[in-house]
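Undergrad: sequence and predicted structure below; questions after.
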Number of protein chains: 2
Amino acid sequence: MKIDPSNPADLSAQIAGAIRDAIIGGDLIVDERLPSEAELADHFDVSRPTVREALKRLAAQSLIRTQRGASGGAFVNRLSFENAYAQQITTSTLLLSMNAVSFDTACEARFALERACSPLSALRRTADHLATMRAEIHRQQQPGLTDEAFCASDVAFHRALVDGAGNPVLSYQLAGAVEAMQPLMNMITFTARSREAIVALHTELADAVEAGDAQTADSVLVRLEDYTRTLAGDVMAARTAKANG
Amino acid sequence: MKIDPSNPADLSAQIAGAIRDAIIGGDLIVDERLPSEAELADHFDVSRPTVREALKRLAAQSLIRTQRGASGGAFVNRLSFENAYAQQITTSTLLLSMNAVSFDTACEARFALERACSPLSALRRTADHLATMRAEIHRQQQPGLTDEAFCASDVAFHRALVDGAGNPVLSYQLAGAVEAMQPLMNMITFTARSREAIVALHTELADAVEAGDAQTADSVLVRLEDYTRTLAGDVMAARTAKANG
DNA sequence: GACTTTTAAATGTCAGACAATTAAAATCTG
DNA sequence: CAGATTTTAATTGTCTGACATTTAAAAGTC
């Protein structure tokens, strides 16, 4: 674990990189304790604040955790799926909000990924997943629901569908795509009529998944994607008309 | 932008969280300059080292960048797809290496996601994507190639297939899944015979994509997944036999 | 032997200082 | 006055030393 002392720029970044490489490379294993800040400072020949900045960088990526007190220190973190979800969602959300990704592009990606899960979900979903889907459909039919709440329920519904595939790696990948879409979806105003149409498609989808009918589930997702894009298109057209008129 | 002074634990984490929320919430826009470290220290009523630790946390997530000198400071970063790729790959790799994800689970996820891309790639791939795929197939046929180099070429081939879909959001999501598989794939020893089989499937896949034949491409991916899992299964069986014998 | 107290190690935070960098302002020069 | 040069000031990067806080282990006590 070494740094380049000739490059005096960004010492803390170099140190963080060195430790990160050691973790990824397996030289530091899960739950292993790193040397104390003072020892690291000595090893890298820098001051303790510099070491601390490096450690905070790693902590921000959930690579390490710290404990105070005697026999405390920095420990290599087991990156849990839960942590990874959170990071993935943050990154995906920022990526979409900062890069002028078109609604169509994001929508296409989301449904393409979801269609990758649905056949597996039709095979493996548990009663729990199905119950969640039904419960969310029920919620979506409540009259007083705000657009935001409707969207949130939509996310929960699709999340249950994805989790039904029983593959944590898929769930992890999809969490970002589905959740990151929510801010974009929130721009859409859902009329009573469009909510009805979406609920009908959701019901059809849940029925197909319950029956283990992967092909029907897939076709419903295609229709849902089409409908979502139509809705978004209408919103954009209305805005343009407003701006010009 | 406020923190809870009554909670004396993890001041730098609280400050980082407050700034992060401001960025995600749109209160700080891309390329906007944050207050100087001294001003932030004053605002949050903490010392400059504490502020610096908070800023390094944000820098680790590529949320900000810093510039030295007059009119320097910390600026909100535009999260580029390139940055996001890198983070996604790091996270996915660690997730797989630290969580005892079975080869089958990872493999299933990878091919499910890839199959989500291939129909789009068959429609939209450019000549460049196709050329990359052909070039990698050619490389995979070279006799002296190490297993690692063969795997790397495999990743490049599939990366070109995914990029061919022309959807940066999909590429971003898939980069993690495909690249994170590489350490697992590197456990497999490729015989001349198995390489031949894989190259044949890759060729078939490239042909299908060139012809715009999404259905064939999909069926090839299914066969490739089956074959990959068979190869991995053989490796596992051989190891078990060795351990018991 | 069980409980309490002390101790030491470690992280968390602070204050003040200096170095390095950089853009802008001030100055010089033709 | 225009352009080049020097100075200046602002800002991040780093260091030193100190103290506060937390916590587990060691020492002491009944």
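TA: Done, it's in. Model, not experiment: these values are computed from the prediction. Numbers count the residues shown, from 1 in each chain, chains lettered A, B, ... in the order given.

Undergrad: can you pull out the strands in chain A?
TA: For chain A, the strands defined by DSSP state E cover A:64-67, A:73-76.

Undergrad: quick one: which of these is nearest residue A:146?
TA: The closest of the strands of chain A to residue A:146 is strand A:64-67. By C-beta to C-beta, the value is 37.9 Å. Quick note: C-beta positions are derived from backbone N, CA and C, even for glycine.

Undergrad: buried set for the closest one?
TA: The neighbour-count check on strand A:64-67 (16 or more other C-beta atoms under 10 Å in any protein chain shown) flags A:64, A:66 as buried.

Undergrad: repeat that for stretch A:73-84.
TA: Buried residues in stretch A:73-84 (16+ other C-beta under 10 Å): A:73, A:74, A:75, A:76, A:77, A:79, A:81, A:83, A:84.

Undergrad: for beta bridges, what are the partners of the third one?
TA: Partner residues in beta bridges with residue A:75: residue A:33, residue A:65, with DSSP bridges as the criterion.

Undergrad: now do it against residue A:33, distance only.
TA: 5 Å (C-beta to C-beta, to the nearest Å).

Undergrad: any chance of the strands of chain A in CSV, plus distance to residue A:10 and mean pLDDT?
TA: Listed next are the strands of chain A as CSV, based on distance: least, C-beta to C-beta, whole Å; pLDDT from 0 to 100:
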stretch, distance to residue A:10, mean pLDDT
strand A:64-67, 19, 96
strand A:73-76, 20, 96
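
Undergrad: in JSON lines: those, plus distance to residue B:234.
TA: Formatted as JSON lines, the strands of chain A follow (distance: least, C-beta to C-beta, whole Å):
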{"stretch": "strand A:64-67", "distance to residue B:234": "38"}
{"stretch": "strand A:73-76", "distance to residue B:234": "33"}
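
Undergrad: what residues does the residue most central in space within chain A make contact with?
TA: Nearest residue to the geometric centre of chain A (C-alpha atoms, centre = their mean): residue A:176, 2.3 Å. Residues counted as contacts of residue A:176 (C-beta atoms under 8 Å, 6 or more residues apart in numbering or on different chains) are A:85, A:88, A:89, A:91, A:92, B:173.

Undergrad: burial count for the second one?
TA: For residue A:88, the tally of surrounding residues (other C-beta atoms under 10 Å in any protein chain shown) stands at 26.

Undergrad: hmm, it is touching residue A:172, no?
TA: Yes: using C-beta atoms under 8 Å, residue A:88 makes contact with residue A:172 at a distance of 6.4 Å.

Undergrad: and the contacts of residue A:176 as JSON lines, adding pLDDT and distance to residue B:121?
TA: As requested, these are exported to JSON lines (pLDDT from 0 to 100; distance: C-beta to C-beta, whole Å):
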{"residue": "A:85", "pLDDT": "86", "distance to residue B:121": "27"}
{"residue": "A:88", "pLDDT": "87", "distance to residue B:121": "23"}
{"residue": "A:89", "pLDDT": "87", "distance to residue B:121": "26"}
{"residue": "A:91", "pLDDT": "87", "distance to residue B:121": "24"}
{"residue": "A:92", "pLDDT": "88", "distance to residue B:121": "21"}
{"residue": "B:173", "pLDDT": "86", "distance to residue B:121": "14"}
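
Undergrad: what about those, which one has the most neighbours?
TA: Highest count within the contacts of residue A:176 by other C-beta under 10 Å belongs to residue B:173, 29 neighbours.

Undergrad: show me where chain A has its helices.
TA: Using DSSP state H, the helices of chain A run over residues A:11-24, A:37-44, A:48-60, A:81-98, A:103-124, A:127-140, A:147-163, A:168-180, A:182-185, A:192-211, A:214-244.

Undergrad: how many residues are close by the closest residue to residue A:205 other than its chain neighbours?
TA: Of all residues not flanking residue A:205 in the chain, residue A:220 sits nearest, at 4.5 Å (C-beta to C-beta, 6 or more residues apart in numbering or on different chains). Neighbour count of residue A:220, defined by other C-beta under 10 Å: 23.

Undergrad: so where's chain A uncertain?
TA: Applying pLDDT under 70 to chain A picks out residues A:1, A:3-8, A:245.

Undergrad: residues from it in reach of DNA strand C?
TA: Contact residues, chain A versus DNA strand C (C-beta under 7 Å from any atom of the strand): A:8-9, A:34, A:36-38, A:48-49, A:52, A:55, A:66-74.
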